[in-house]
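S.K.: Any chance you can model this:
(2 chains)
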Amino acid sequence: MTETLESRPRRDRRRGRTRSVPIPLLVPALVGLAFLLLPLIALLVRAPWRSLPEQLTSVEVWEALRLSLLCATAATGLSLVIGVPLAWLLARTRFPGRGFVRALVTLPLVLPPVVGGVALLLAFGRNGVIGQWLDSWFGITLPFTTTGVVLAETFVAMPFLVISVEGTLRAADPRYEEAAGTLGASRFTAFRRVTLPLIAPGIAAGAVLAWARALGEFGATITFAGNFPGRTQTMPLAVYLALQNDPAAAIALSLVLLAVSIAVLAALRDRWMTAS
Amino acid sequence: MPRSAHRTRRILQVAGASAAALLTLSACSPDTGSDKGSSPGKPSGTVTVFAAASLEESFKTLGKKFEKEHPGTKVAFSFGGSDTLAASITGGAPADVFAAASAKTMAIVTDRQDAAGAPITFVRNQLEIATLPGNPDRISSLKDLTKPGLKVVLCDNTVPCGAAARKALDASGLKLTPVSYEQDVKSALTKVELKEADAAVVYKTDVRAAGEKVRGVDFPESAEAVNDYPIALLKNAPNPKAAKAFVALVRSAEGQKVLSGAGFLKP
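M.R.: Take a look at the predicted model:
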């Protein structure tokens, strides 16, 4: 009885909302939708469909795509290894200046990627703050290497993972971990056996976000890692340079990235897009 | 902010070009009117010059000279990659003068019949090797760049400086694998300025503009790949009279002195 009383008005309200959408909301909403979709449609309309097969079978394209997928995956892996513990630290421990640290972690989200690239160069470059020691002690130089690409992508993409995992951790009940503790589990065992399975969906969602962001990374990569086919030239770089003298090739390359992105979204739709 | 903020710069260039276009549009209609009324010989009003980025310093100096010599005139510049500028001109940007860094980019404009008369080469630019200050790797020739372990950056083959470097390397039969193909001459030079690369093949004028931060090394093969810089009056120029006067200044002895001071070669 109480259930029907409660659910009926709610349903009515919902139905009323869909029945009459106020024009002042509908028009800008449709403009917004068109604004987001039109450029993508334009890409399809202006695509050089006839020459597409030969554009896409060139060695450079596959090298760039392979490198993009490889580096984005490596960057996501690195983000998981160091990002999940960082998120746990931010969500589960108390230390002075935690709020400030959290703000710093999110900084790469708002920082222009090129600035990130410059900062990476000054830190890990051959002449950089840390880079000069890496070079003289171990002979490791990171700019102009595939590792450099992974680092640049991780720098830009990891905050997405940290934020996502931290949010999930905050929503998860810490009493499960405490219960595990009272049963004799160490804090690390509790994290591994209880917390991790609990927040797995959040980690997965964050990893996908980070992977997608890493795949599209341009500014930090070209600034820090340079551009060399097969080693540091990822798809976005290839698109940008192709645009300088061969717009048709740039469109063709863009189509590939668009297809990959759509494929990822489609594959994930059932798992995380409809959740919440 | 280093020069490698290329994307941002592109956007700024486009914004600058449109701002210049708007300025010209708003400033010109009354100007051309008063122009006809007053003395017919004197240039007046705003002249809009689209010029290759490598010309920025010298053309700014020339612009000031021009404004001084012709009171009542104003020179509005839009500097950028020659290919970008050419595209905006064929797209209808109301520019008066176009100065490109290569005959190939000028051809984009002339092929569309957008130039009034044939373009004229007014300077040439030669390649030079930029090394770290003091030249610690003792680079003295193009061949030295192929030494193993040396980190060399080149411009991408799609940009004029990269095409020129490729030509010089091919002419000397050298095989050089750089660590990176940079998206323009400025970011190639920046990598050396930041000491991330040991050497770069760039324009002489860029080496000179960088001052103490890099050391220039001439190489004879650069003679095989000299870039011609053509300048042209544009057909739909809103202010052709002032445009003609500006081109004349660039080609005058005075203008050539400014340009050779920046490291450009005489045509």
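
S.K.: mind checking the SS state of B:I139?
M.R.: Three-state assignment for B:I139 (DSSP: H, G, I helix; E, B strand; the rest coil): coil.

S.K.: now swap in A:V21 and tell me
M.R.: Assignment for A:V21 (three-state DSSP): coil.

S.K.: Now do the same contact list for it.
M.R.: When contacts are counted by C-beta atoms under 8 Å, 6 or more residues apart in numbering or on different chains, A:V21 touches no other residue. To be clear about C-beta, it is placed using only N, CA and C from the backbone, and glycine gets the same treatment.

S.K.: For B:L194, what are phi and psi?
M.R.: phi -80, psi 0 (degrees, to the nearest 10).

S.K.: And chain A, is stretch B:175-184 touching that?
M.R.: Yes. Stretch B:175-184 reaches chain A (C-beta under 8 Å from any C-beta of the partner chain) through B:178-183.

S.K.: and of these, the nearest to B:G162?
M.R.: Set against B:G162, the nearest of the residues of stretch B:175-184 next to chain A by C-beta to C-beta is B:Y181 (6.6 Å).

S.K.: give me the number of residues near the closest one?
M.R.: 23 (other C-beta atoms under 10 Å in any protein chain shown).

S.K.: pLDDT score for the closest residue to it other than its chain neighbours?
M.R.: Among residues not flanking B:Y181 along the chain, B:D156 sits closest, at 4.2 Å (C-beta to C-beta, 6 or more residues apart in numbering or on different chains). Listed pLDDT for B:D156 reads 88.

S.K.: Could I get the phi/psi values of B:D156?
M.R.: phi -60, psi 150.

S.K.: Just confirm it contacts B:E182, I think it does.
M.R.: Yes. B:D156 is in contact with B:E182 according to C-beta atoms under 8 Å; the separation is 6.5 Å.

S.K.: These two - which one has more neighbours?
M.R.: B:E182 (30 against 26).

S.K.: just checking, what packs against the host helix or strand of A:A242?
M.R.: According to DSSP states H and E, A:A242 maps onto helix A:235-245. In terms of contacts (3 or more C-beta pairs under 8 Å, 6 or more residues apart in numbering or on different chains; DSSP states H and E), helix A:235-245 is packed against helix A:59-92, helix A:219-224, helix A:247-268.

S.K.: What count of nearby residues applies to A:E178?
M.R.: A:E178: 12 neighbours (other C-beta under 10 Å).

S.K.: and the host helix or strand of it, which residues are buried?
M.R.: Applying DSSP H and E as the criterion places A:E178 in helix A:175-182. The neighbour-count check on helix A:175-182 (16 or more other C-beta atoms under 10 Å in any protein chain shown) flags A:177, A:180 as buried.

S.K.: so how far is it off the chain centroid?
M.R.: Remark: helix A:175-182 is offset 32 Å from the chain centroid, using C-alpha atoms, centre = their mean, to the nearest Å.

S.K.: Now do that helix: everything it contacts.
M.R.: A:92, A:187, A:189-191, A:193-195, A:198.

S.K.: closest to A:L40 among these?
M.R.: A:L198 (37.2 Å).

S.K.: Now for that closest one, how many residues are close by?
M.R.: 17.

S.K.: do the same with the one 4 residues further on
M.R.: Residues near A:G202, counting by other C-beta under 10 Å, number 22.

S.K.: List the residues that contact it.
M.R.: A:164-165, A:167-169, A:171.

S.K.: That one and chain B, how far apart?
M.R.: From A:G202 over to chain B the distance is 33 Å, taken as C-beta to the nearest C-beta, to the nearest Å.

S.K.: tell me the pLDDT at the closest residue to A:Q132 other than its chain neighbours?
M.R.: Spatially, and ignoring its direct neighbours in sequence, A:Q132 is nearest to A:R126 (6.9 Å; C-beta to C-beta, 6+ apart). On pLDDT, A:R126 comes in at 87.

S.K.: is it true that A:R126 lies in a strand?
M.R.: No. Read with three-state DSSP, A:R126 is coil and lies in no strand.

S.K.: For stretch B:62-76, give me every contacting residue.
M.R.: Applying C-beta under 8 Å, 6+ apart, the contact partners of stretch B:62-76 are B:20, B:23-24, B:27, B:42-49, B:77, B:242, B:245-246, B:249-250, B:254-255, B:258.

S.K.: List the buried residues of that stretch.
M.R.: Neighbour counts over stretch B:62-76 (16+ other C-beta under 10 Å) mark B:62-63, B:65-66, B:70, B:73-76 as buried.

S.K.: With pLDDT added, can I get these in TSV?
M.R.: Listed next are the buried residues of stretch B:62-76 as TSV, based on pLDDT from 0 to 100:
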residue	pLDDT
B:L62	96
B:G63	96
B:K65	95
B:F66	95
B:H70	93
B:T73	93
B:K74	93
B:V75	94
B:A76	93
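
S.K.: wait, which of those residues is closest to chain A?
M.R.: Among the buried residues of stretch B:62-76, B:A76 lies closest to chain A (C-beta to the nearest C-beta), at 25.2 Å.

S.K.: would the closest one count as being in a helix?
M.R.: No. Assignment of B:A76 by three-state DSSP gives strand, placing it outside any helix.

S.K.: give me the beta-bridge partners of it?
M.R.: For B:A76, the beta-bridge partners are B:T48 (DSSP bridges).

S.K.: Quick check: it vs B:A87, distance?
M.R.: 19 Å (C-beta to C-beta, to the nearest Å).

S.K.: out of the contacts of stretch B:62-76, which are inside strands?
M.R.: B:45-49, B:77 (DSSP state E).

S.K.: Now distance to A:I23 and pLDDT too, for the residues you listed, in a markdown table please.
M.R.: Listed next are the ones in strands among the contacts of stretch B:62-76 as a markdown table, based on distance: C-beta to C-beta, whole Å; pLDDT from 0 to 100:
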| residue | distance to A:I23 | pLDDT |
| --- | --- | --- |
| B:G45 | 47 | 90 |
| B:T46 | 45 | 92 |
| B:V47 | 49 | 94 |
| B:T48 | 43 | 94 |
| B:V49 | 48 | 95 |
| B:F77 | 46 | 93 |
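
S.K.: Name the pair among those with the greatest separation in space.
M.R.: Pairwise over the ones in strands among the contacts of stretch B:62-76, using C-beta to C-beta, the maximum falls at B:G45 and B:F77, 15.3 Å.

S.K.: Next, the buried residues of stretch B:232-241.
M.R.: Result for stretch B:232-241 [16+ other C-beta under 10 Å]: buried residues B:232-234, B:237-241.

S.K.: Can you flag which of these belong to helices?
M.R.: Among the buried residues of stretch B:232-241, the ones falling in helices (DSSP state H) are B:240-241.

S.K.: which one of the buried residues of stretch B:232-241 is nearest A:E63?
M.R.: B:A232 (39.2 Å).

S.K.: give me every residue that touches the closest one.
M.R.: Per C-beta under 8 Å, 6+ apart, neighbours of B:A232: B:97-99, B:106, B:109-110, B:115-120.

S.K.: if you set the cut-off to 6 Å instead, what comes out?
M.R.: Going by C-beta atoms under 6 Å, 6 or more residues apart in numbering or on different chains, B:A232 touches B:98, B:115, B:119.
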